[in-house]
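Novice: Here is a sequence with its predicted model. Questions after.
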Amino acid sequence: MNVLLVEDNVDIGDAIAAHVIADGHRVDWCMNLREAARKLMSKTYDLVLLDLRLPDGNGLTLLEDIRSGDGELPVIIMTAQDQQSDRLEGMVRGTNDFLVKPFDLAELSNRIRLILS
């Protein structure tokens with residue numbers, strides 16, 4: 001499975017990428033929205049793991065772009081923002097799931113399995 005990871009924190013990105021790879025998936029890691037948008041246009045992905053606060057904007061804009069194009073691509077939002085309004089906004093815009101950082105990597109694996117099953 002091809003996973004696009006959009007995360008600007010190097011430590012978090014390294015940990016998530018290593019874990020998802022250990023689960024048997026391929027990972028492309030982007031640190032900003034512009035790079036993620038380019039990747040999505042040039043390659044087919046099975047899942048997007050998306051941070052909200054990125055150096056060049058809010059990940060919700062990428063989620064909107066995904067939903068306006070390939071509405072079926074699963075997206076899991078991962079963010080340090082734990083406000084109920086953030087979760088609601090993500091759900092309204094079409095995320096499949098929402099994880100609040102810090103989260104257990106085993107929980108991420110389980111949620112990936114559930115979404116892709």
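Specialist: Arrived safely, thanks for sending.
Novice: other SSEs contacting the lowest-mean-pLDDT helix or strand in the chain?
Specialist: When the helices and strands of the chain are scored by mean pLDDT, DSSP states H and E, helix 84-92 comes last with a mean of 79. Contacts defined by 3 or more Cβ pairs under 8 Å, 6 or more residues apart in numbering; DSSP states H and E place helix 84-92 against helix 59-68, strand 97-100. C-beta coordinates here come from the backbone N, C-alpha and C atoms, glycine included.
Novice: and the ones you listed as a markdown table, adding distance to Glu107?
Specialist: Below are the helices and strands packed on helix 84-92 laid out as a markdown table (distance: least, Cβ to Cβ, whole Å):
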| stretch | distance to Glu107 |
| --- | --- |
| helix 59-68 | 19 |
| strand 97-100 | 7 |
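Novice: Kindly present those as JSON lines, with separate columns for mean pLDDT.
Specialist: Output for the helices and strands packed on helix 84-92, formatted as JSON lines (pLDDT from 0 to 100):
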{"stretch": "helix 59-68", "mean pLDDT": "93"}
{"stretch": "strand 97-100", "mean pLDDT": "92"}
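Novice: Now for the residue lying closest to Gly71 once chain neighbours are set aside: which residues touch it?
Specialist: Using Cβ to Cβ, 6 or more residues apart in numbering and skipping residues adjacent in sequence, the residue nearest Gly71 is Gly94, 7.5 Å away. Gly94 makes contact with 63-64, 66-67, 71, 75, according to Cβ atoms under 8 Å, 6 or more residues apart in numbering.
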